[in-house]
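Colleague: the sequence isn't on hand, but the structure is:
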Ligand SMILES: Nc1ncnc2c1ncn2[C@@H]1O[C@H](COP(=O)(O)OP(=O)(O)OP(=O)(O)O)[C@@H](O)[C@H]1O
């Protein structure tokens, strides 16, 4: 199996002097392609920070992160931005949908940034909205949708660019449990059909029961546990 994310000896601290917070200490892990992975841990344990580091949105204090075998520490800002736009899909807490664009326009907006040829847009929009079950709602604006539906549009937009990696920060928070399960089902389907590798954060024990690869952040360290109940 190929490793898509490798983290070697990563440390992360914020601030300095008396205000210094050491958040991550000598983190080492390797995530294989087409896995659904969750980071869990209490509030403030560093889940979002670690996701931001993997997404090249922040820099480690020390250590190396490799995405698809390439060290992101050696990339300049422009290269990091290109990596994010072309290889990664982000599903972050506030959904990040453009309010004055319809569902299909939001997805097209993401496609434009990656320079996908215009002739392929409609088919791609249909494909990803079918995956999340929202093709019928393509002409609607985000405010006309529920929180769970907006989250599904955010997922559709993330997968439209065929990212090798999807990073999802608390994708089921603020959703009722049925809607949360639906999101995880979609993620599992994406992983099974080898469309993406997905790393998400959660502190919901019921959601975490559904995920095969779980990393717990605790006392600046990380501990891996395979969920044997998943077949
Ligand atoms: N840019 C920053 N500057 C200073 N401190 C920060 C910064 N970003 C995060 N922190 C601190 O690092 C700690 C971990 O934050 P992080 O958001 O990674 O935690 P989390 O595990 O995702 O928490 P939650 O479950 O509440 O979202 C927090 O105490 C936060 O205040």
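Modeller: Ah, there it is. Being a predicted model, the structure only gives us computed values, none of them experimental.
Colleague: what does this structure put close to the ligand?
Modeller: Residues of the chain lying close to the ligand (CB under 6 Å from any ligand atom) are 14-15, 21, 23, 41, 43-49, 203. Bear in mind the C-beta positions are built from the backbone N, C-alpha and C, glycine included.
Colleague: flag every buried residue along the top helix by length along the chain.
Modeller: In the chain, taking DSSP state H as the definition, the longest helix is helix 177-192. Neighbour-count burial for helix 177-192, with 16 or more other CB atoms under 10 Å as criterion, is recorded at 179, 180, 182, 183, 184, 186, 187, 188, 190, 191.
Colleague: which outside residues touch that helix?
Modeller: Helix 177-192 is touched from outside by 34-36, 131-132, 146-148, 151-152, 155, 159, 166, 168, 171-172, 175, 196-198, 200, 204, 206-207, 210-211, with contacts defined as CB atoms under 8 Å, 6 or more residues apart in numbering.
Colleague: from the residues you listed, which land in strands?
Modeller: If you go by DSSP state E, the contacts of helix 177-192 have 36, 166, 168, 197, 198, 200 in strands.
Colleague: isn't the fifth one up against residue 168?
Modeller: Yes: counting by CB atoms under 8 Å, residue 198 sits close enough to residue 168 to count as a contact (6.5 Å).
Colleague: pLDDT weak spots in this protein?
Modeller: 1, 93-95, 231 (pLDDT under 70).
Colleague: going by distance to the ligand, which of the buried residues of helix 177-192 wins?
Modeller: Among the buried residues of helix 177-192, residue 180 lies closest to the ligand (CB to the nearest ligand atom), at 15.6 Å.
Colleague: any idea how far residue 6 is from the closest one?
Modeller: As judged by CB to CB, to the nearest Å, residue 180 and residue 6 stand 30 Å apart.
Colleague: hang on, the earlier thing: so for residue 198 and residue 168, which residue has more residues nearby?
Modeller: residue 198 (29 against 25; other CB atoms under 10 Å).
Colleague: so who does the more buried one touch?
Modeller: With contact set as CB under 8 Å, 6+ apart, residue 198 has these partners: 35, 36, 37, 165, 166, 167, 168, 187, 190, 191.
Colleague: one more: residue 53?
Modeller: 7, 10, 12, 59, 60, 65.
Colleague: I figured the first one hits residue 65, correct?
Modeller: Just to be clear, that refers to residue 7. Yes: the criterion here is CB under 8 Å, and residue 7 meets it with residue 65 at 5.4 Å.
Colleague: which elements pack onto the helix or strand encompassing residue 107?
Modeller: Using DSSP states H and E, residue 107 falls within helix 103-113. Helix 103-113 is packed against helix 121-131, helix 147-160, with contacts defined by 3 or more CB pairs under 8 Å, 6 or more residues apart in numbering; DSSP states H and E.
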